[in-house]
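Q: One predicted model, sequence on top.
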Amino acid sequence: MSGPSLDPSAARCNVAADDAPPFECRMEIGDLVAGAALFAFAGLFWVLGGEIDNGGFGVGAADFPRGIALLLGVASLILFANAVLRLARGDTQEMLCIGRPARVAMGMALLIAFPPAMSHIGYYPAMALFMAALLWVADCRSPLRIVAYVAGFLVFSKVVFEMILSIPLP
Amino acid sequence: MITRLLRTAALAAAVLGFAGAAQADYPDKPIRYILHVSPGGATDVMARKLAIAMEKTLGVPLVVENKAGGRGAAQLSDLAAAKPDGYTIGAVTSTHIGAFNQTLKQYKIDSFDWIARLVNEPYLIVVNKDSKIQSMKDLIAASNERPGNVVMAGFVRGSGGHFAWEIMAKAAGVDSKKVRWVPYDSVGDAVTATLGGHAEAAIAYVDLVKTHVDAGNLRVIAVMADQRVPQFPNAPTLKELGYNADTSWQQMRGIIGPKGMPDDVKAKLADAVKKALETPELKAYITESSLVPAYLGPKDFTADAEKQDKITKQWMEALELTR
Amino acid sequence: MWDGFLAGLSAFSSWQVMAGLLGGVVIGYVVGALPGLSAGVGMALLIPFTFGLDPVVSVVMLVSLYMASEYSGAIPAILVNTPGEPSSAITALDGYPMRERGEAGQALTLSILGSAVGSVLSTIMLIFTVAWMTKIALAFGPAEYFALAVLGLSLISTLAGHSVLRGIIALLFGLLLTTIGTDPVDGIMRYVVSDGLLGGIPFVAALIGLFGLSEVLKMLETRGDQTTPLKDLPGLSAQFGLLKPHTGNVIRSTFVGYILGVIPGAGATIASITAYSLQKRLSKSPQTFGKGNPEGVVAAETANNACMPGALAPMLALGIPGKASTAVLVGALAIQGVRPGPLIFTQHPEIPYSIYIALLVGMPFMVALGLFGSRLWVRLTTIPAGVVTAMVCATCLLGVFSESNDMFAVSIAVAFGIVGYLLSKVEIEPAPIVLALVLGYMMESNFRRALVMSGDDPAVFYTSPIAAFCLVSALIVFVLPLLQNFRSRRSEGEHAKMGGNPSKV
């Protein structure tokens, strides 16, 4: 739906010529990984669901989650099996693309670091560092503009959130 | 070096003198008042009214925070982790005591300091105006006839309302195993279900059913109180009907704090509650909402909570809800 | 009726009421447009201010806030694929692809006009049918709610543009996540590995993670120093004309939104998805839904705004708050000593009528604000993409935090952002996950409640006409695309070698 649109006949990722090479793999490999991960997730819920007290009355607290876990397990197995079949036949048409993988990874790392940073050093410093770094990752390299955008956002959070909506920010 | 020494000394003095100093100035900053309900319900409205009235006595703002979820679990974990300095307090209802014995077993009555009880609310049974059950007698007959004949709507199993029903049933000689207790997300939803005819009857409070009873859509068949409630002069009490149920079992609302609050901080808060309950605004609200003023100070409230806890434990055992 | 209407109208001659109306519209517009802050949160924040106000002023302010934020949730959904309100997740399905094509102005215009017409028509229906609507609201017991939730979930097959299997996986994944927390019937803890999960997965955090943060990661894939080319918006009168081709769609979606709004607890998300699916079935170009078809934006936005007056029917006439925002409204009225319920029309007629008038009079203000805003907002697409990425990300994190005042919710949002991004790489999309998160609780709790009520007799699900109707419709909705899928797979197999997902257009 969004992101680079796929052209099945070309079966290649759309990349600007001057950009870093994208991470590419066959869609089926992605399906294998996703199928296995979701299967493990469903399995976890199934196993842990066994420890839930089901009570004495009819359909209990454990039955619904375990039922859904079972269905998800089956569905993810189908995804996995389909991928295996198509790989075996070798008639793949699609590629899974992640453009500029290094930047996406940096974005993820920044996101993961943000909550603990905010707990430790407070909202304003954490947000300032986070935004500056993210702007840099997203190709905004002029220091002056970075400072301006960050300051603008911090003023926005102060005025709209703390002052108008009176939501305290630590 | 000297500054460090001085700082250490000041720190030691602060720690030693904490009890005296802190309480003399208490309160000198806003107090967090944590609720276990989302905004808009009766408990929330009452708490906000109370907060405003208490601010006048205490001279600092009471900041109401809604921490809904898990039958009070989200609120209690916040409250238990707070410093017992009087700057964090929480709302409590009978439902909490039920939860202590069922889903939130990590807490007991003495996991918290019980500051003050505010009000009580008697339980009552309502039926739809078109129901074949039009009196307590009908209900008893229909219930005992065959299992599943009567569906009773209320809050979760093990809640105050559920035990109120069990207490009523026992007093009236109803085999409560033959009645299907259907747990709803709130007592209000249970009333709606009765209004829609999905359940024969519901255990509820005066405030929740008043407008529907006045409009003639619901009928109160019994009130679990010593006297008739002024809002429903035609609704008989259980005692009048000849059933001897423990009328001290009512839905209460109060205020608790983290364990270990200094006595005079508790006294100050309880005093502010008492004064707040006597303000005309709150008095009017309590009457409008069909609540019964039932102030208790820290000591009596703790004793009352322990008594409720004991009754709860007995019913949990009797109904095999202890898991 | 006319007496009440006149009483309500006379209230609007006071400047306080008009100020409340304008203030409510502006605050609602801002709150709705900020991801994380929904109508309910905004109204709860305003409650302390309403203590000292006249009941009519406070109710007018809150209702206009509610109305405006239901609309403005569409703005971030269209511009940055981050729904400001849960129901705008459906708007994003087509609104965001339109923006990617440079049609941000058109999408925003359609959303404000659709919202406005939906809201006004629905308010008029409310005024005349409020008494009858109570019957619909009360007709829904546990079995009916369960069936409605199943019907809502079955509609995901119309969302699943790629493959039905992936849609189902997304749905089951979401459903499984809703079982975390305190169990709805027995109050037992399930999968609670952290205290923050006691009340279940924080929904707003999950929504923002799945849409906003995962979109941020997607945006990092392309160069950040470029901008989206923009198509020109027509002049103001022509801007109004944009909605004209969608007349039938607007009327249908209004009706769907109003009826589903009346059912307490069903809410704007079900209304949006139902109107969207209906429109997709009736559309001449169903294959472009999800790829930027304006009909999708109109259907979703009209329905979720038409839902709001519908939700006021059970609140006013029965005192039943169907969702968080109407619950706040009930609370605000209770603070003023006014109890919504069957007697409100005789005891306090000025309250319902001033609500009606606020909805009707507030609408032109909202349209003006929305149209003006749509010209302003589209400039956002002329800012370098990298800057937008950072701003969206920061706003999302801030919004999640301030919605709950809880760091844990921010971590949940981050987790959902990363997982959502990775899943979308294998075309497991966020919309069905969100739909399942909205409906899972309703589905499970009512399923089990219905069985408790009937003594474990499954007959309850087909003896009730409403439940049976919903379940049969769900079955049809669900099976139909599977059959079509099968047929197209066979016909395609004759032409080319089998491979990929033939249902993919």
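A: That came through, no problem. Residues are numbered from 1 along each chain as shown, chains lettered A, B, ... in the order given.

Q: and residue C:142, how far is that from chain B?
A: Separation of residue C:142 from chain B (Cβ to the nearest Cβ, to the nearest Å): 7 Å. C-beta here means a position set from N, CA and C on the backbone, and glycine is covered the same way.

Q: actually residue C:430, not the one I typed
A: 23 Å.

Q: Report pLDDT for that residue.
A: With respect to pLDDT, residue C:430 scores 90.

Q: For the nearest residue to it once chain neighbours are set aside, list the residues it contacts.
A: Taking Cβ to Cβ, 6 or more residues apart in numbering or on different chains as the measure, residue C:430 lies nearest to residue C:210, with 3.9 Å between them; neighbours along the chain are not counted. Residues in contact with residue C:210, defined by Cβ atoms under 8 Å, 6 or more residues apart in numbering or on different chains, are C:416, C:417, C:420, C:430, C:433, C:434.

Q: so is residue C:210 in a helix, a strand, or just coil?
A: helix (DSSP: H, G, I helix; E, B strand; the rest coil).

Q: mind checking how far the residue most central in space within chain A is from chain B?
A: When Cα atoms, centre = their mean is applied to chain A, the residue found nearest the centroid is residue A:108 (7.9 Å). According to Cβ to the nearest Cβ, residue A:108 stands 29 Å off from chain B.

Q: That residue and residue C:217 touch, don't they?
A: Yes. The criterion here is Cβ atoms under 8 Å, and residue A:108 meets it with residue C:217 at 6.6 Å.

Q: overlap in contacts of these two?
A: Contacts common to residue A:108 and residue C:217, judged by Cβ under 8 Å, 6+ apart, are C:418, C:421.

Q: next helix or strand past whichever strand or helix holds residue C:413?
A: Residue C:413 is located in helix C:407-425, with elements delineated by DSSP states H and E. Once the chain leaves helix C:407-425, the next helix or strand it forms, by DSSP H and E, is helix C:430-454.

Q: Show residues contacting the helix or strand following that next one.
A: Proceeding N to C from helix C:430-454, the next assigned helix or strand is helix C:460-463, under DSSP H and E. Helix C:460-463 is contacted by residues C:142, C:143, C:146, C:147, C:450, C:451, C:453, C:454, C:467, C:468, C:471 when judged by Cβ under 8 Å, 6+ apart.

Q: now with 7 Å?
A: Contact with helix C:460-463 is made by C:143, C:147, C:450, C:453, C:454, C:467, C:468, C:471, as judged by Cβ atoms under 7 Å, 6 or more residues apart in numbering or on different chains.

Q: And for the second one, the neighbour number?
A: Right, residue C:147. Residues lying near residue C:147 (other Cβ atoms under 10 Å in any protein chain shown) number 28.

Q: Contacts only, for it.
A: C:461, C:466, C:467, C:470, C:471.

Q: I'd like the average pLDDT over stretch C:98-108.
A: Computed over stretch C:98-108, the mean pLDDT rounds to 90.

Q: so, in contact with chain A or not, it?
A: Yes. Counting by Cβ under 7 Å from any Cβ of the partner chain, contacts between stretch C:98-108 and chain A involve residue C:100.

Q: Just confirm residue B:118 is within a strand.
A: Yes. Applying three-state DSSP, one finds residue B:118 inside a strand.
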